[in-house]
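# test case, fold it:
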Amino acid sequence: MNKKNLAEQYATKEYERLNDSDPIFEDNLCFSIIDIEAAFNAGRESVVENIPELEWETLKDGSLKASTPFGCYNIDKDNYGISHYIVSSMFSKTKVVFGKQNAILAADENYKKRIKQALGL
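This is a model prediction of the structure:
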């Protein structure tokens, strides 16, 4: 899936509006197009950097569950390992991790990766 470059489209239309619809040539780019595109893309990246961590709910059986707009993450104790936990979701491979905190970090990283993919970053 190709991401749309909305900043470039906006900047091009604005340039043409301000310059009586003159065509834009590659060697005649104005800085405002580049500046607008950079600001737009920086804003998109900023959204991802400020995504809150997943909020975990402890279930009766001791497992953890975090709901997201695109499904749930689950962390279960692996009965075969002393401190091993199973991280799973409907959209990623099941992962066995040593330590509960590492399991939470693995789920958070996967969640942020999914959002970046959705935004085309």
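# where does pLDDT dip in this structure?
Applying pLDDT under 70 to the chain flags residues 1-7, 11, 14-15, 17-32, 81, 121.
# tell me how many other residues crowd residue 101.
The number of residues packed near residue 101 is 10, by other C-beta atoms under 10 Å. The way it works is simple: take the backbone N, C-alpha and C, and place the C-beta from them, glycine included.
# helix or strand for the residue nearest to residue 100 when sequence neighbours are not counted, which one?
Sequence neighbours aside, residue 85 is the residue nearest to residue 100 in space, at 5.7 Å (criterion: C-beta to C-beta, 6 or more residues apart in numbering). Taking DSSP states H and E as the definition, one finds residue 85 inside strand 84-89.
# quick one: whichever helix or strand comes after that strand to strand 84-89, angle?
Next helix or strand after strand 84-89 toward the C-terminus (DSSP H and E): strand 92-98. Here strand 92-98 runs at an angle of 160 degrees relative to strand 84-89 (axes from the mean of the first three to the mean of the last three C-alpha atoms, to 10 degrees).
# now do the buried residues in strand 92-98.
Neighbour counts over strand 92-98 (16 or more other C-beta atoms under 10 Å) mark 92, 95, 97 as buried.
# please tell me I have it right and residue 88 contacts residue 71.
No. The pair residue 88 / residue 71 is not scored as a contact, 10.4 Å apart, by C-beta atoms under 8 Å.
# list the residues that contact both of those two?
Common neighbours of residue 88 and residue 71, counting by C-beta atoms under 8 Å, 6 or more residues apart in numbering, are absent.
# count of neighbours near residue 40?
A count of neighbours around residue 40, defined by other C-beta under 10 Å, yields 16.
# and for residue 36?
Neighbours around residue 36, by other C-beta under 10 Å: 18.
# separation between it and residue 79?
Residue 36 sits 55 Å away from residue 79, going by C-beta to C-beta, to the nearest Å.
# sorry, back to before: need the contact list for the residue nearest to residue 100.
Shown in contact with residue 85 (C-beta under 8 Å, 6+ apart): 75-78, 96-100, 102-103.
# rerun at 7 Å
Contacts for residue 85 were tallied using C-beta atoms under 7 Å, 6 or more residues apart in numbering; they are 75-78, 97, 100, 103.
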